[in-house]
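A.B. asks: Quick one, what's the 3D model for this:
(chains A, B, C and D)
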Protein chains: 2
Amino acid sequence: MFPERTIDSRPEWPDTSLMAPSSPQSQARPLPDALREAQDRYIATWSQMGSAWGISRTMAEVHALLYITGDALCTDEVMDRLEISRGSASMSLRALLEWGVITRTHKRGDRKEYFLAEQDVWAMFRAIVRERMKREVDPMLASLFEIRDMTGGMGTIAKDHNDRLDQLLLFFEVMQMFGQRFISPTGEGLQAAADILSKSDA
Amino acid sequence: MFPERTIDSRPEWPDTSLMAPSSPQSQARPLPDALREAQDRYIATWSQMGSAWGISRTMAEVHALLYITGDALCTDEVMDRLEISRGSASMSLRALLEWGVITRTHKRGDRKEYFLAEQDVWAMFRAIVRERMKREVDPMLASLFEIRDMTGGMGTIAKDHNDRLDQLLLFFEVMQMFGQRFISPTGEGLQAAADILSKSDA
DNA sequence: TGGCTCTTTCAATGTTTCCTGAAAGAACCA
DNA sequence: TGGTTCTTTCAGGAAACATTGAAAGAGCCA
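C.D. replies: Numbering: from 1, shown residues only, chains lettered A, B, ... in the order given. Model prediction:
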């Protein structure tokens, strides 16, 4: 069902008792193999999710990497870790910035840009919902209104057609309202509720 | 922002005062040009929407056509209207059946199958949400749990990593709960509320 | 200003995804 | 059973999409 694409997802664990001298990590701190493998599987999972929802695999992978490591990584680190080209890394990072799910940072005495993923999952999804509404739902609603106007004065011959459009318009307006509530400060109330729930039954 | 793809979306109206003797329509009833054009624009809009959300353009077009006409159409009618091949029409129709957003019907004395779109927008979206949860969210949650288990016993070195996964898991569990509420009979309450809203301020 | 480092762009290329159309399959009828 | 009508399948081709890498751009420093 999902497209075949994994970043080495072996089913078994290697020996994890020692630190492996893995490739040059962010700040010279090598990672236990098990952790690295878990990261890779997370990256693969997130990239599958992304492609099912119309986000390019690489962009999803870059985001997954930044989120799961929690580190501020530079372009070269992203390239090396995901084995992608400079151009691809650059474009993905920029797109993620535009989505508002990562931010630029700098390190003292280093000219490179570092990228850090939004660490609050709810804030991250608020950003995603905000962008998708802006890019897809709003224009579509505008189109639907226009289309509705095309047959507005046609009388009974277009009645059913217009009713169907009205039904759709109503639905998307309701959804838009929900979306706005989700991304607004009120949406943070939802997050708070979820946080409380999580603590009460953990 | 959206990919270029339209089904003849001229900005101006043709003369709509008369029925145009258009191509052989479902039941030999020709359509006013304006109505046909509005249908085309709806089809184009819906197909754009679809591709932004990972649904193939053709499949979205077929669904749009069935929804907006409200008619039970057979494969040949779909092919002719959208100018797609028999194979493509057949596959799209089957996929739409699997999604549960269209149904098969038959006409007396006719061996062909006819296809009818679910006409209730809320029922349609309940079907879509149900399928997407089943196909994408549930497997992803399963993966996240597995990944979480990979580093469950690793102690402090994986603490932050595990916290991040837990945050994601919590988020998706909340979303799953919402989704289930949306698709359950309770979800119909939502629909009812929206219907009332629409009548009260129309 | 010239040289250095890092970032962005984009034409060419590679890859995935989708569509086509012919052929096989299935259901029905006489 | 053979013929007719409709549906599904799938290999091959076409289109859409993503990635690469080299070159241009941008900022910085001495």
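A.B. asks: Would you mark the buried spots in stretch A:57-73?
C.D. replies: A:57-69, A:71-73 (16 or more other C-beta atoms under 10 Å in any protein chain shown). Bear in mind the C-beta positions are built from the backbone N, C-alpha and C, glycine included.
A.B. asks: so does that stretch get close to DNA strand D?
C.D. replies: Yes. Part of stretch A:57-73 sits near DNA strand D under the criterion C-beta under 7 Å from any atom of the strand, namely A:57-59.
A.B. asks: And DNA strand C, is that stretch touching that?
C.D. replies: No. Counting by C-beta under 7 Å from any atom of the strand, no contacts exist between stretch A:57-73 and DNA strand C, the nearest distance being 8.0 Å.
A.B. asks: Contacts for that stretch next, please.
C.D. replies: Stretch A:57-73 has contacts (C-beta atoms under 8 Å, 6 or more residues apart in numbering or on different chains) with A:5, A:7, A:26-27, A:39, A:42-43, A:45-47, A:49-51, A:78, A:81-82, A:84, A:88-89, A:92-93, A:95-96, A:101-102, A:105, A:107, A:114-119, A:124, B:160-161, B:164-165.
A.B. asks: now, which of those lie close to DNA strand D?
C.D. replies: Checking these against DNA strand D by C-beta under 7 Å from any atom of the strand, the ones in range are A:84, A:88, A:92.
A.B. asks: and the first one, what is it in contact with?
C.D. replies: Right, the one you point to is residue A:84. Neighbour list for residue A:84: A:58, A:61-62, A:78, A:92 [criterion: C-beta under 8 Å, 6+ apart].
A.B. asks: how about these in a markdown table, adding secondary structure and pLDDT?
C.D. replies: As requested, the contacts of residue A:84 are arranged in a markdown table below (DSSP: H, G, I helix; E, B strand; the rest coil; pLDDT from 0 to 100):
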| residue | secondary structure | pLDDT |
| --- | --- | --- |
| A:58 | helix | 98 |
| A:61 | helix | 98 |
| A:62 | helix | 98 |
| A:78 | helix | 98 |
| A:92 | helix | 98 |
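A.B. asks: With respect to residue B:150, which of these is nearest?
C.D. replies: Proximity of the contacts of residue A:84 to residue B:150 (C-beta to C-beta) peaks at residue A:61, which lies at 18.4 Å.
A.B. asks: just to revisit the earlier point, check the contacts of residue A:84 and tell me the two furthest apart.
C.D. replies: A:58 and A:78 (10.0 Å).
A.B. asks: thought residue A:183 was touching residue A:130?
C.D. replies: Yes. With contact defined as C-beta atoms under 8 Å, residue A:183 and residue A:130 form a contacting pair (4.7 Å).
A.B. asks: so residue A:116 is in which element?
C.D. replies: Assigned by DSSP states H and E, residue A:116 belongs to strand A:113-117.
A.B. asks: Just give the number of residues close to the nearest residue to residue A:120 once chain neighbours are set aside.
C.D. replies: Take residue A:120 and drop its neighbours on the chain: the residue closest to it by C-beta to C-beta, 6 or more residues apart in numbering or on different chains is residue B:167, 7.9 Å away. Neighbour count of residue B:167, defined by other C-beta atoms under 10 Å in any protein chain shown: 18.
A.B. asks: Pull out the buried positions in the helix or strand where residue B:167 lies.
C.D. replies: Using DSSP H and E, residue B:167 maps to helix B:159-183. Residues B:161-162, B:164-165, B:167-174, B:179, B:182-183 are the ones in helix B:159-183 that count as buried (16+ other C-beta under 10 Å).
A.B. asks: any idea of the mean pLDDT in it?
C.D. replies: The average of the pLDDT scores along helix B:159-183 is 94.
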